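A.B. asks: Coordinates for the following, if possible.
(one chain, ligands or ions: 2)
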Amino acid sequence: MKKYLTSIFSFVIYLLAMGNAIEVGASPPAAYEGMRLYVSYCQLCHSPDGKGAGPLAEKMGIQPADLTTTVRSRSDTILKKIITGEGRQTITGRDRHNLISKAMPEWEKVFDESQINSLIAYLRFLSRSNHTLMGDAEVGYQLYQKYCVVCHGEEGGGDGIMGQLMDIQPADHSNPNEMRDIKNHQLINVIRAGKGKYMPAWRNILSRSEIEALVSYIRLLSN
Ligand code: HEC
Ligand code: HEC
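C.D. replies: Numbers count the residues shown, from 1 in each chain. Ligands and ions are numbered 1, 2, ... in the order given. Take a look at the predicted model:
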């Protein structure tokens, strides 16, 4: 009987491990991918905060739109047209000849469908979030994989393998309603000092700037 139970137990562990193996291959959240593209291709004109006063725009003497406000009223379809340039001329509601100015490059040949969708996810983040990205989210992504996924899960849903094994309930970082009201400094404090019975204190393992990087990444999980 004992042997029988042991083998069932090993099988369950095996299934959990399989689940984890699949999770490890999961792709990063769209807003995170979009952020990386935005940093390389867009922020020189649109500026890091999306408001439009980027250093290249200044050089060229052009005025990119303030993405934090304009994007709110635009559908994904329209944003796609604006970014790729394909079908831009059919966009209505523009004051001058219904056209987006030529100063906004046409990216049609540069990005594939999933990259455009990621860019749109990040533009939505810029226009919706009332929290700034305070650290380097790419560093945060690496650290999150290394230290946090075991409990919080690949997409931050609180379903990591260690959480399952120990039957603990980590916070859900992917829920915008829960995350919206938590300020950056509050997240920093919880990560530094830990919380409850199972959220460890990281202050002796991670530096201040690493914790800020993690907070930035966590923000992109709840878009
Ligand atoms: C060379 C400068 C430049 C770069 C680089 C650039 N843009 Fe623009 N963008 C502009 C300008 C200028 C406008 C304003 C066009 C207008 O209002 O007619 C604009 C407008 C937009 C708009 C329309 C805003 C609105 O709702 O009216 C979106 C969306 C946009 N850009 C996204 C992007 C994305 C995404 C990238 C990176 C892949 C990018 N832009 C890169 C210059 C740039
Ligand atoms: C051993 C499992 C475990 C690990 C590893 C872990 N956490 Fe947690 N975390 C938890 C649990 C459980 C909670 C919920 C605590 C509570 O509310 O009592 C939590 C809560 C949090 C919260 C609080 C959110 C809120 O709603 O207040 C943040 C932020 C957080 N964790 C970030 C991290 C980061 C960043 C890492 C990696 C550096 C990490 N955690 C690693 C288990 C873990």
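A.B. asks: list the contacts for the closest residue to Gly135 other than its chain neighbours?
C.D. replies: Setting aside the residues directly before and after it, Gly135 is nearest to Glu212 in space (Cβ to Cβ, 6 or more residues apart in numbering), at 3.2 Å. C-betas here are computed from N, CA, C, even on glycine. Contacts for Glu212 (Cβ atoms under 8 Å, 6 or more residues apart in numbering) come out as Met134, Gly135, Ile188.
A.B. asks: Can you check the pLDDT for Glu212?
C.D. replies: Predicted confidence (pLDDT) for Glu212: 97.
A.B. asks: between the contacts of Glu212, which has the most around it?
C.D. replies: Highest neighbour count within those: Gly135, with 22 neighbours (other Cβ atoms under 10 Å).
A.B. asks: I'd say it and Ala213 touch.
C.D. replies: Yes - the pair Gly135 / Ala213 is scored as a contact, 3.7 Å apart, by Cβ atoms under 8 Å.
A.B. asks: Return the set of buried residues in stretch 115-130.
C.D. replies: Residues of stretch 115-130 classed as buried: 115-127, 129 (neighbour count, 16 or more other Cβ atoms under 10 Å).
A.B. asks: Please enumerate residues in contact with that stretch?
C.D. replies: Outside stretch 115-130, the residues that reach it (Cβ under 8 Å, 6+ apart) are 29-31, 33-35, 37-38, 42, 49-50, 67-69, 71-72, 76, 79-80, 83-84, 107, 111, 180, 219-220, 223.
A.B. asks: from this protein, which residue is nearest to ligand 2?
C.D. replies: Residue of the chain nearest ligand 2, by Cβ to the nearest ligand atom: Gly196 (2.4 Å).
A.B. asks: and that residue, how many residues sit next to it?
C.D. replies: Around Gly196 there are 10 residues (other Cβ under 10 Å).
A.B. asks: Now render the contacts of Glu212 as TSV, adding distance to ligand 1.
C.D. replies: Converted to TSV, the contacts of Glu212 look like this (distance: Cβ to the nearest ligand atom, whole Å):
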residue	distance to ligand 1
Met134	22
Gly135	22
Ile188	30
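A.B. asks: Please tabulate the residues you listed in JSON lines, including the columns pLDDT and secondary structure.
C.D. replies: Formatted as JSON lines, the contacts of Glu212 follow (pLDDT from 0 to 100; DSSP: H, G, I helix; E, B strand; the rest coil):
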{"residue": "Met134", "pLDDT": "88", "secondary structure": "coil"}
{"residue": "Gly135", "pLDDT": "91", "secondary structure": "coil"}
{"residue": "Ile188", "pLDDT": "97", "secondary structure": "helix"}
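A.B. asks: ok, so what distance separates the residue lying closest to Lys197 once chain neighbours are set aside from Trp202?
C.D. replies: Spatial nearest neighbour of Lys197, chain neighbours left out: Ile168 (7.7 Å); criterion: Cβ to Cβ, 6+ apart. Separation of Ile168 from Trp202 (Cβ to Cβ, to the nearest Å): 17 Å.
A.B. asks: Just the element for the spatially most central residue of the chain, please.
C.D. replies: Residue closest to the average C-alpha location in the chain (Cα atoms, centre = their mean): Leu220, at 2.5 Å. Here Leu220 sits within helix 208-221, counting by DSSP states H and E.
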